[in-house]
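[1] Below is the structure, and that's it, no one-letter string:
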DNA sequence: CCGTATCCAAAAGGATACTG
DNA sequence: CAGTATCCTTTTGGATACGG
């Protein structure tokens, strides 16, 4: 006992943080909700089921990788249902589950706030930037 | 004109995406809101002004770098106000602006949804994972 | 059509040390 | 106390090619 100042405190801190994460359910969800593709995909599914390629077009800018990855995550969390129609070629539809639908008002609240306050934010940014490199 | 299939289409796609981003105000905000530290810090400031070190302790797991970086971003967007008291040593307080306060219900809605539905999500995850590597 | 797999560049973010 | 600066690891995510 003596060589235990930085390394140990780091570990201790990390463990404490992890414990906090484990006992705080909101954090896990927050980590998922704090993903731009999640929010965008939920919005894209708001008014009905969509096919895979359709979602790719609607979200505009998402790569195949992120599209699949995000959809899998949402499916795993029970927010989205995946339906495979074994035709040739295969057809896959994604739709919100009831749980996913219950999340929709929240997502919409975010969007509405953004729409309603974007101008104030932009003004604030300009004011801040103007003050930053003034004279 | 002939050497313009992949590279060009990429550029075109990127430009279209950027244009979409520019004309869609919600996206810019969404990018900011899709940051776990932002949500956590807004919650930490919910019931009054806090000092820098205090926030570091309350959020638990945030590094100095991310704390400062996130606070600067929030300040720039007019969501948080930074007040310096030139004592020795210096004292700095952060508080929500009215704009920041107006965002609070939204942030709380996210937290409330998480608290109310976390169990369903966890069950869904277990069911999904059980099916994945079954037999 | 709906993905998966691999590679690789870019960005996020933590650790550490130093300053006013 | 409240940062800033630097380094360096980890993660993210796009491009590409291939498979069912």
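    Done, it's in. Quick caveat: nothing in here was measured; it's all calculated off a predicted structure.

[2] contacting residues around the helix or strand harbouring residue A:42?
    Assigned by DSSP states H and E, residue A:42 falls within helix A:36-44. Contacts of helix A:36-44 from elsewhere in the structure, counted by CB atoms under 8 Å, 6 or more residues apart in numbering or on different chains, are A:32-33, A:50, A:55, A:58-59, A:62, A:66-67, A:70-71, A:73-74, A:79-80, A:96, A:100, A:103-104, A:107-108, A:110-111, B:30-31, B:34. (Each C-beta comes from the backbone N, C-alpha and C, glycine too.)

[3] ok, of those residues, which come out buried?
    A:32-33, A:50, A:55, A:59, A:62, A:66-67, A:70-71, A:73-74, A:79-80, A:96, A:100, A:103, A:107, A:110-111, B:30, B:34 (16 or more other CB atoms under 10 Å in any protein chain shown).

[4] does chain B sit close to the longest helix along chain A?
    Longest helix of chain A, by residue count under DSSP state H: helix A:98-132. Yes: using CB under 8 Å from any CB of the partner chain, helix A:98-132 reaches chain B at A:99, A:102-103, A:105-106, A:109-111, A:113-115, A:117-118, A:120-125, A:127-129.

[5] got a list of what residue A:76 touches?
    Taking CB under 8 Å, 6+ apart as the test, what residue A:76 contacts is B:124, B:125, B:128, B:129.

[6] any idea how far it is from DNA strand C?
    12 Å (CB to the nearest atom of the strand, to the nearest Å).

[7] Give me the pLDDT value at that residue.
    As predicted, residue A:76 sits at a pLDDT of 95.

[8] got it, and residue A:14?
    On the pLDDT scale, residue A:14 gets 60.

[9] Next: residue A:29.
    Residue A:29 is assigned 77 on the pLDDT scale.

[10] ok, now which ones touch it?
    Neighbouring residues of residue A:29 by CB under 8 Å, 6+ apart: B:110, B:113, B:114, B:117, B:118, B:121.

[11] what sits against the most centrally placed residue in chain A?
    With distances taken as CA atoms, centre = their mean, the residue of chain A nearest its centroid is residue A:35 (2.5 Å). Neighbour list for residue A:35: A:70, B:34 [criterion: CB under 8 Å, 6+ apart].

[12] gap between it and residue A:71?
    12 Å (CB to CB, to the nearest Å).

[13] Around the closest residue to residue A:52 other than its chain neighbours, how many other residues sit close by?
    Setting aside the residues directly before and after it, residue A:52 is nearest to residue A:92 in space (CB to CB, 6 or more residues apart in numbering or on different chains), at 5.0 Å. Neighbour count for residue A:92, taken as other CB atoms under 10 Å in any protein chain shown: 13.

[14] Kindly state the beta-bridge partners for residue A:92.
    residue A:84 (DSSP bridges).
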